[in-house]
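Q: Sharing a model that was predicted from the sequence below.
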4 protein chains.
Amino acid sequence: MLRYGMVGGDLQSFIGGVHRTALRMDPGVELVSGCFSRNAEKNLACGDMYGVSHDRLFTDWREMLKAEAAREDKIDFVAICTPNHLHYEVCREFLLAGINVVCEKPLCFEIAEAEELDRIARERDLVFGVLYTYVGYNMVKVMREMIARGDIGKIVAVHGRYAQNWLLDELSSDSNSNENVWRTKPEFSGISNAIGDIGTHLEYIIHYVTGLNIKRLCATVDCYGKKLDYNNSILVEYDNGVHGCYWVSQVAAGQINGLKFGIYGTEGSLEWEQHYPDYAVYTKRGQAPQTICRGAGYLNVNANANIRIPTGHPEGFYCAFANIYRNIVRTIEKKKKGQTPNANDLDFPTSEAGIEGVKFIHAVIESGKKDSQWVYMD
Amino acid sequence: MLRYGMVGGDLQSFIGGVHRTALRMDPGVELVSGCFSRNAEKNLACGDMYGVSHDRLFTDWREMLKAEAAREDKIDFVAICTPNHLHYEVCREFLLAGINVVCEKPLCFEIAEAEELDRIARERDLVFGVLYTYVGYNMVKVMREMIARGDIGKIVAVHGRYAQNWLLDELSSDSNSNENVWRTKPEFSGISNAIGDIGTHLEYIIHYVTGLNIKRLCATVDCYGKKLDYNNSILVEYDNGVHGCYWVSQVAAGQINGLKFGIYGTEGSLEWEQHYPDYAVYTKRGQAPQTICRGAGYLNVNANANIRIPTGHPEGFYCAFANIYRNIVRTIEKKKKGQTPNANDLDFPTSEAGIEGVKFIHAVIESGKKDSQWVYMD
Amino acid sequence: MLRYGMVGGDLQSFIGGVHRTALRMDPGVELVSGCFSRNAEKNLACGDMYGVSHDRLFTDWREMLKAEAAREDKIDFVAICTPNHLHYEVCREFLLAGINVVCEKPLCFEIAEAEELDRIARERDLVFGVLYTYVGYNMVKVMREMIARGDIGKIVAVHGRYAQNWLLDELSSDSNSNENVWRTKPEFSGISNAIGDIGTHLEYIIHYVTGLNIKRLCATVDCYGKKLDYNNSILVEYDNGVHGCYWVSQVAAGQINGLKFGIYGTEGSLEWEQHYPDYAVYTKRGQAPQTICRGAGYLNVNANANIRIPTGHPEGFYCAFANIYRNIVRTIEKKKKGQTPNANDLDFPTSEAGIEGVKFIHAVIESGKKDSQWVYMD
Amino acid sequence: MLRYGMVGGDLQSFIGGVHRTALRMDPGVELVSGCFSRNAEKNLACGDMYGVSHDRLFTDWREMLKAEAAREDKIDFVAICTPNHLHYEVCREFLLAGINVVCEKPLCFEIAEAEELDRIARERDLVFGVLYTYVGYNMVKVMREMIARGDIGKIVAVHGRYAQNWLLDELSSDSNSNENVWRTKPEFSGISNAIGDIGTHLEYIIHYVTGLNIKRLCATVDCYGKKLDYNNSILVEYDNGVHGCYWVSQVAAGQINGLKFGIYGTEGSLEWEQHYPDYAVYTKRGQAPQTICRGAGYLNVNANANIRIPTGHPEGFYCAFANIYRNIVRTIEKKKKGQTPNANDLDFPTSEAGIEGVKFIHAVIESGKKDSQWVYMD
């Protein structure tokens, strides 16, 4: 049984609840400590809901850290669900105290910060998970395995988009004063809104599935007179010289949560859409497109071992999240027991993904500022 | 905090795990007792995984019942996940002992048995949930609310199907001896395979969404030389004289879990498919079809209060299951506290649905035997 | 160069224009004679549009027939596009005069009439095409060829529907007096509206694709207080004992022209939808569904020889129509030259299909009248 | 009755046949002259098929032009279906001889040539149609009208792609010697393969629908070691400062003819896909996506006047083509009669579109050569 604590993520938070629920989907992990909110009442409400004992509830995360660090039965990891501007400091302090960390993305504001966090975790041999949710989907893992074993040959083109509609109303408003959307405000989100929030998901999932790394990119960045970006189009060049094309928007009417991409190779292609995560379209060169389904025997992949419910019943978002946590938890457990985690255990995004995400944000915003010139990721 | 026990559903069982996971998605319910398997080893493995104390683990469900019934801190309800042939007896005994019951469908073999179970539960004022999973989906609840408030006018036609492919291999085999598929065997499944397993889901979801009750039906029942049915086509007449048409098959290549239906009225229609449960197609008379999404503000429905994650992130099968359990648990909790459950709390299938399901099975199989004559449900 | 005449189908008629356009898509056929309307002005307008010389324009089809029959350069065939109630008489007279006939479906009102027409045509060795449009689609021909060569094994189930919304407004009206919809009136449509208009298409396309013949059927027939049927659900039994399930409706909101069916066999399935006619879904047992496309090399079918434009450009309704006419024309041409048409030339629906259609209409309506008893087609 | 001639497009040519068939779909236009091929046999075969008299068949287009120019009953227009490298010269000579011209796209190789052709046509008041097929689809016209009247508000983002798979095999081949694909060879195609062939379609259809003009663009151009481009990603900036993102590929496995785009505005969006041309997805801000259909009354557009068959029956590629020609023909007819064509008549792509297409090709290829720098279209 592992014990964890949480910083941020009270009952009003979307993502805090997802972390807790996902962690409950597999037995063996217990929420024992929390600083869910700086507001005492909200903090208590959340703690009580999950049965956290009152002596391990804190409205100041530094006190929580101090108390936990001092305990014999201290938490095995902390889940950080605060707004973006606090990620760096909270991660850093928990890591320095020797506690494994799971943090929401984007990891932090500055590349140097991300690299520092990564270095601290490595030096202390700590587990550092970063929650790029979508790579938890089984079909995403299937596609990765298929591409790695050569099912689509050598990659020749990539096309991806992450389009949402939820900030469209902002464009019809005269002000910069939407009080409810912290993501559009530099003080909470840093230099980017859309790229940080969803562009990084697109960047990481394509890296995860293909193994390709972006060498350089150029972009148009549309702020429509607001402070941060709402719509971005990006040309990317991977380290092997192949090109991709990404579109990231939060002002696209009709697109609820349209994360979608295709990977095209010399021998076939794979296409996937977040709205129907259990399926992908696989086309072999010269053949008809096939709608493949997670868990199906004909896939002949090791990734089928990850499925939770039989083929044909939608697994959904919580399963993706829980799949990432399952591996993080297995890794922490094994390390705790002095065992060596295997490749499957280690199949989760880490601070390395976090660094790439921050670099990607900076490169896109910089290219936008430089009239769409190429910006190198290194 | 409620406590529950489970009969059946060891770690090899699909549905047992789903019950446990769904019950863990909301805090406040604890698994404390179990007879997961008659095999001691399997039983122990499952109990240990979920932290059930060994003194509340039993390989004989009657002993479990005896022990629980005698405890001060006895279970608040039992979840029954055995094969179908045991449902009646296990339900009956737990009910007679005054314990609330949640049972898988189909409820039992005989109509008289189902009615007896229902009567016992009513007499003892016990909660009796029957797990018709699909009505837990938010969009199904949305459709029910839209139809009830008149969005599609007066219903004029219903079309539904539940088509799967998973027993197609049986037809190519010469024997009746598939050891692994208990559903195809009368001793475990009673008089029906496909209708009992999936036809009842179709029957119930249409009843749930429309409020229509089947008055009579006629059917073709295809066994292909095997003992039980694999493919059925059914004409139904509801009590208001409107007709529907159902197709239920487990030998339809390409159909993984194809539960799909349309409800057509004088002012519009609603169509839904299990593979994409967060969406439905709503057409107003004379207008373009709209792809509506659970949780969307434009729906203007109370059912939106049930959502767990924001629009655009797939909720999936576990959420549907957890939604049913959430209401069962709320109802048990309120009754335990002497409070009166409200209409939302009571929104879950009960023994009443169980009775209708058993009647439906009998009517279809009887019509098949009588060369597709009409058979009345009452 | 073949010459043809037309009865019915003036410029206001949907289907008349489709016949003329489809016949113009391949060179070699000329419209030279017509009785497009009994109204002189309308008749002239249509004739002038297509360059028919005035001496071959008639407002009485009997006069047209008399004049054509007397000419040396008489028409090679007549296309009959009148409302249903005139089909029998016009067909009969042209056939008796030794002129090849192409007629819209349903062929006529009575089975005996249809059989008489068929007999006359056979006795005189005349070509008699009946326009079941949908079997002109290339993918429909592909499916027929795939099924015939065993790609889906032995058929075990059939599921089809033809659902439209265009008469839904009728149900909200109190009267039987819609002046514009002749199809809903017995004097023009005979005993059936929906089954005659669209049910026959469903019946024929499934016969065409599978080769199965309906032995008997039982049906619910919904008139909603009007004179003729608007919504029908039908169980069919084919001559090999396999069952199918058809739904035919013209009051289904959201369904524009929803002709859709699936053929399920021991080794796979094929599913097709009229709205996307260039594609079908083909699933091999145990494999992923494939979206196959007309004209694709991987199909390895003779039917690919029929395509008119490369794969990926929608062929559409006119092509389907023109494909049927292409074969009718080739057959007439060959017979005129004393040659023997081959199997490809003869791939078009004839009076045989017409007879089956009329039998199907009678069987469905009779079953409806007999409280859904089985009615045999023979 | 109009008369036309054709240069190029023998019976082996895809596009020649499409021109002829599309022109036959509406009565009133006759093919009377042709130089279908330089090969006498092929030329004769094609002429005979369409009944062209032998004295108006030529194997040298200059002789055809000389002969036609000298006739009293000369052709009203010429349709030019040769490979790209001949467009300029043939267009030029026919225009100089005072004959209206319809030419395939891309119009020619050089911007100056395109501008010269445009100038000649204007000076002589000649009709000059350029066949951007896709804008002939009814839904494309509907979208244009909806956007023009403000249904989606002010445009904020554009996303488009045209992806095909048909040249994927080229990448697996070692040579540049594919004899059958003239499009990949500079001598026939000029500086571009994919952008010229399909990129121009994407560029034009978005201009047509939105009215937006590209001010500048930057692009990655992938030749994979071959002579011309096969895969391109393009960022565009329109003259109003809004950005778009285009992907153009002929090496995308699974994409048969994937022309697809979305136009996103402050009040809604419109999305369309070539494979399902009768439908588009229209979303109003804050509402559910609607699948709108050409011809539907609820659209309330003038464009509905263009439909050829009732809603629900696929119109397809030939109809799109015929719609463009219908307007070209109406314009030529009116001008011939001294009448003034109206806005509907003039709704077809002209040399102006041709110029923009050539500029687009040059800009993309130039940007590719300049390491993806912005290139201005003017």
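A: Arrived safely, thanks for sending.

Q: only C-alpha atoms for contact and neighbour calcs from this point on.
A: Will do.

Q: How about residues contacting stretch A:9-27?
A: Applying CA atoms under 8 Å, 6 or more residues apart in numbering or on different chains, the set of residues contacting stretch A:9-27 from outside is A:8, A:29-31, A:36-37, A:42-43, A:45-46, A:79-82, A:318-319, A:321-322, A:325-326, B:21-22, B:24-26, B:49-50, B:309-310.

Q: Which of those fall in strands?
A: A:8, A:29-31, A:79-81 (DSSP state E).

Q: Just flag the most distant two among those.
A: Within those, A:Gly8 and A:Val29 form the most distant pair, 18.5 Å apart (CA to CA).

Q: More neighbours: which of these two?
A: A:Gly8 (22 against 17; other CA atoms under 10 Å in any protein chain shown).

Q: and the more buried one, what does it touch?
A: A:Gly8 neighbours (CA under 8 Å, 6+ apart): A:16, A:35-37, A:80-82.

Q: Between these, which sits nearest chain D?
A: A:Gly16 (26.4 Å; CA to the nearest CA).

Q: Quickly find the element holding whatever residue of the stretch 51-200 of chain A ends up closest to chain C.
A: Here the residue of the stretch 51-200 of chain A nearest chain C is A:Met139; by CA to the nearest CA that distance is 13.9 Å. Using DSSP states H and E, A:Met139 maps to helix A:138-148.

Q: circling back to that earlier point, so the residue of the stretch 51-200 of chain A closest to chain C makes contact with A:Tyr282?
A: No - using CA atoms under 8 Å, A:Met139 makes no contact with A:Tyr282, being 11.2 Å away.

Q: which stretches of the stretch 151-300 of chain A have low pLDDT?
A: Where the stretch 151-300 of chain A drops to pLDDT under 70, the residues are A:174-180.

Q: tell me the secondary structure for A:Gly241?
A: coil (DSSP: H, G, I helix; E, B strand; the rest coil).

Q: Break chain A down into its structural domains.
A: Per automatic domain parsing, the structural domains of chain A span A:2-134+A:321-342, A:137-312+A:356-376.

Q: What about A:Asp125, how many residues nearby?
A: Neighbours of A:Asp125 (other CA under 10 Å): 13.

Q: Surely it forms part of a helix?
A: No - counting by three-state DSSP, A:Asp125 is located in no helix; its state is coil.

Q: Can you give me the distance of it to C:Met146?
A: For A:Asp125, the distance to C:Met146 equals 60 Å [CA to CA, to the nearest Å].

Q: Could you do A:Cys218 as well?
A: Here A:Cys218 is placed at a distance of 49 Å from C:Met146 (CA to CA).

Q: Then A:Ile307?
A: A:Ile307 is 35 Å from C:Met146, by CA to CA.

Q: Kindly report the same for A:Met6.
A: Distance from A:Met6 to C:Met146, by CA to CA: 59 Å.

Q: of these two, who's got more company?
A: More neighbours surround A:Met6 than the other of A:Met6 and C:Met146, with 29 against 21 (other CA under 10 Å).

Q: Now do the SS call for A:Thr59.
A: Criterion first, three-state DSSP; result for A:Thr59: coil.

Q: And the residue nearest to it when sequence neighbours are not counted, its phi and psi?
A: The shortest distance from A:Thr59 to any non-neighbouring residue, by CA to CA, 6 or more residues apart in numbering or on different chains, is to A:Arg38 (4.4 Å). Dihedral pair for A:Arg38: phi -80, psi -10, per degrees, to the nearest 10.

Q: check contacts around the residue sitting nearest the centre point of chain A.
A: The residue lying closest to the centre of chain A (CA atoms, centre = their mean) is A:Tyr132, at 1.6 Å. By CA under 8 Å, 6+ apart, the contact set of A:Tyr132 is A:104-105, A:201, A:204-205, A:349.

Q: What parts of chain A come near chain C?
A: A:286-293, A:297-298 (CA under 8 Å from any CA of the partner chain).

Q: can you put those in a markdown table and add distance to A:Ala157?
A: Below are those laid out as a markdown table (distance: CA to CA, whole Å):
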| residue | distance to A:Ala157 |
| --- | --- |
| A:Gly286 | 17 |
| A:Gln287 | 19 |
| A:Ala288 | 19 |
| A:Pro289 | 17 |
| A:Gln290 | 20 |
| A:Thr291 | 21 |
| A:Ile292 | 21 |
| A:Cys293 | 23 |
| A:Gly297 | 28 |
| A:Tyr298 | 26 |
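
Q: check these against chain D, which are close?
A: Applying CA under 8 Å from any CA to these, those adjacent to chain D are A:286-289.

Q: Pick the one among these closest to C:Val90.
A: A:Ala288 (46.6 Å).

Q: Just say helix, strand or coil for the closest residue to the closest one other than its chain neighbours.
A: Leaving aside its chain neighbours, A:Ala288 sits nearest to C:Ile292 (5.4 Å; criterion: CA to CA, 6+ apart). Three-state assignment for C:Ile292 (three-state DSSP): strand.

Q: ok, what's across the strand from C:Ile292?
A: When bridges are called by DSSP bridges, C:Ile292 pairs up with C:Ala280.

Q: burial of it, as a residue count?
A: So C:Ile292, with other CA under 10 Å, has 22 neighbours.

Q: ok, now how distant is A:Ala280 from chain B?
A: Per CA to the nearest CA, to the nearest Å, A:Ala280 is found 13 Å from chain B.

Q: show me what contacts that residue?
A: Contacts of A:Ala280 (CA under 8 Å, 6+ apart): A:139, A:270-273, A:291-293.

Q: same deal with A:Tyr204?
A: Counting by CA under 8 Å, 6+ apart, the residues that A:Tyr204 touches are A:132, A:353, A:357.
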